[in-house]
Structure formats: C-alpha cells, structure tokens
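Participant: I would like to see how this sequence folds:
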Amino acid sequence: MVQRSISDSRQERLDAILEYLLAEGDASAQSLAGRFGVSLMTAHRDLDELQRRGIVRKFRGGVSVQRTSTYEIAATLRRLVAVPQKRAIAAAAYRLVEPGQSVLLDDSTTAATALDHLLKVEGLHIVTNYLPAMSRIATDGRIALTAIGGTYDIGHESFLGVAAASAIRGMRVDTVFFSTSSADIAGTYHQEESIVAVKTEMIRSARRRVLLMDSSKLGGTSLHLVSDWSAIDDLITDTAAPAELLDTLRSRGVAVTVVDPDETVHQPHSSDEEK
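Facilitator: Got it, this is the predicted structure:
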C-alpha cells in the first residue's frame with residue numbers, strides 16, 4: 001500500500017482552514033482559495049483531503065463544520081469546542097468514581113477529558129472504544145485498560161459496528177460516562193445509527209449511567225433517539241443550561257449537577273485536546 005504524505009506547508013494550510021471554518025461555520029472553495037492564496041483546484045484538493053479524514057462535510061460549492069440534525073462534526077474539531085465547559089464537567093464526573101471501580105468511556109471528547117482526573121484513581125479499570133483514550137491510558141500505564149475493537153471510524157476516532165456492540169453487550173461496569181450530540185425533554189439523540197447502536201449497549205451495560213453534556217447541546221434533537229431519560233441516572237452540565245429543562249429532569253429522578261466553568265481550577269491540557 002502506497003503511503004500518502006502531506007508536506008508541512010500543506011498541513012499548516014489545512015490546519016488554518018480548519019481554524020477559519022471553526023470561526024465561520026462554513027465557506028466556499030472559492031473564498032478559501034482567495035483567503036489562502038491558492039488556486040481553486042488546490043482549495044478543492046484541500047477540502048477533499050479534509051473530507052477524506054472525516055473532518056468536514058462538503059456540499060456543492062463549499063464546505064461546513066457545523067453540527068446539524070443529520071451530521072456530527074469530527075472528533076478533531078469537537079476537541080476544540082466548549083473546552084472550559086468540558087473541563088468543569090470532567091472534574092465533576094471524577095468525583096463520582098471510587099478506587100477499584102470499572103468505568104466505561106464512550107468516544108465523546110467530554111468523556112476523554114475526564115482522563116485528566118481518572119488516571120489518578122487507584123485500582124481503576126477503564127473500558128473504551130475511543131482510540132486516543134486507549135493510547136493515553138496505555139502510555140500512562142497506571143490503570144487497567146480494556147480496549148473495545150470493531151470497525152475503525154476515522155471521523156470519530158473510535159471503533160464501532162457489530163463487533164464493538166457485541167463486545168460491550170458482554171460486559172457489566174460500575175459506571176458509564178457518555179455524551180450525545182443533543183438532548184431535549186424527551187431524551188438524548190445522535191445523528192448516526194452506528195454511534196447509536198454502540199452508545200445504547202454502553203448504557204445497558206452500566207449500573208450507573210452518567211450523561212456528560214455541555215449546555216450548547218441541550219434543547220435540540222438529532223435524527224436518532226439514543227435513550228429516554230429513564231435510562232439515565234445523572235446529568236452533568238454547565239451553568240448556561242436551560243433551567244426549565246433541568247428542573248423537569250430533576251422531577252423525573254435524574255440527579256443533575258451544574259458546574260461553573262469560570263470557577264474550575266485550571267487543569268493541564270490533556271494530550272487529546274492538544275492534538
């Protein structure tokens with residue numbers, strides 16, 4: 001198999017395109033060509049490369065990194081969104097874990113952020129399908145790891161499919177920390193069936209189900225229902241979450257924890273977020 005290589009200058013331009021798209025949401029190939037001083041053909045090739053990596057969504061005449069009800073943004077970009085909120089949520093999640101427990105982490109970047117804290121818990125056993133989390137745990141070497149295999153998805157940086165769902169189905173863990181792309185009064189949602197199948201098995205496998213969700217995801221829906229709120233024990237979110245929704249969830253028996261990102265003690269950047 002021929003190995004593809006990308007020049008340093010091109011990689012820098014790809015990174016700059018992503019930074020621009022994060023700020024603007026979408027752009028045309030023509031506008032990107034003008035902004036970065038390249039030909040229209042080169043701009044299209046750059047966008048084709050980003051789409052091949054599962055990072056952007058191309059449409060006629062342009063490209064987008066915006067989350068929609070049918071499209072989830074790639075993990076590469078999700079790591080850069082709502083970072084203070086994710087750190088505060090991760091710190092609160094850490095307080096729910098006891099030494100010696102088994103913890104299942106999904107492929108959400110919010111759950112991965114919790115590794116800053118979980119790696120310090122004595123005797124912990126983590127199960128995950130998220131490749132960056134596997135690599136970090138294995139390199140650190142302080143806690144036990146069970147890696148869930150399956151079909152690798154480059155956009156989500158995780159293992160999905162029938163094999164992953166089957167592996168999770170045979171497990172019972174103390175706690176699962178997971179996130180979804182949106183949630184409303186009826187439940188939680190995701191845009192992709194392959195993700196839903198794996199998250200559903202994760203929820204079923206855990207004695208305690210903890211949803212980690214920053215406020216930007218609350219109040220919306222996506223194409224597929226992952227779970228209703230009866231399947232969730234805890235929600236950890238931030239201070240910008242809709243108060244009425246949180247009150248309703250509390251009335252339904254969900255333990256709601258609200259964190260203030262501005263009051264969270266600064267934590268070192270995890271390797272996941274620095275990538």
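Participant: the longest helix in the protein is where?
Facilitator: For the chain, the helix with the greatest residue count under DSSP state H is helix 8-24.
Participant: helices or strands up against that one?
Facilitator: Applying 3 or more C-beta pairs under 8 Å, 6 or more residues apart in numbering; DSSP states H and E, we find helix 8-24 packed against helix 29-36, helix 40-52, helix 75-78. Using the backbone N, CA and C atoms, a C-beta is placed for each residue, glycine as well.
Participant: for those helices, which one sits closest to Gln191?
Facilitator: Checking the helices and strands packed on helix 8-24 against Gln191 by C-beta to C-beta gives helix 75-78 as the closest, at 12.8 Å.
Participant: Could you give the separation of whichever helix or strand comes after the closest one from the chain centroid?
Facilitator: Downstream of helix 75-78, the first helix or strand assigned by DSSP states H and E is helix 83-94. Taking C-alpha atoms, centre = their mean, to the nearest Å, one finds the center of helix 83-94 at 13 Å from the center of the full chain.
Participant: With stretch 241-253 instead?
Facilitator: That offset, for stretch 241-253, works out to 23 Å (C-alpha atoms, centre = their mean).
Participant: again, but for stretch 194-214
Facilitator: With C-alpha atoms, centre = their mean as the basis, stretch 194-214 stands 12 Å off its chain's centre.
Participant: how far does that stretch stretch from start to finish?
Facilitator: By C-alpha to C-alpha, to the nearest Å, the extent of stretch 194-214 from end to end equals 22 Å.
Participant: ok, for Ser205, nearest residue in space, not its chain neighbours?
Facilitator: Closest residue in space to Ser205, ignoring its immediate chain neighbours: Met171 at 5.0 Å, by C-beta to C-beta, 6 or more residues apart in numbering.
Participant: swap that for Pro99, please
Facilitator: Glu122 (4.4 Å).
Participant: And Ala43, by the same measure?
Facilitator: Distances taken as C-beta to C-beta, 6+ apart place Ala33 nearest to Ala43, at 3.9 Å, with adjacent residues excluded.
Participant: The one you found and Thr42 touch, don't they?
Facilitator: Yes. Assessed by C-beta atoms under 8 Å, Ala33 is found in contact with Thr42 at 7.0 Å.
Participant: what about the residue nearest to Pro99, which SS state?
Facilitator: State at Glu122, reduced to three classes by DSSP: H, G, I helix; E, B strand; the rest coil: coil.
Participant: And Ala197, by the same measure?
Facilitator: Criterion first, three-state DSSP; result for Ala197: helix.
Participant: With Ser216 instead?
Facilitator: Of the three states, Ser216 takes helix under three-state DSSP.
Participant: residues near the residue nearest to Pro99, how many?
Facilitator: Glu122: 9 surrounding residues under other C-beta atoms under 10 Å.
Participant: Can you list phi and psi of it for me?
Facilitator: For Glu122, the backbone dihedrals (degrees, to the nearest 10) come out as phi -70, psi 130.
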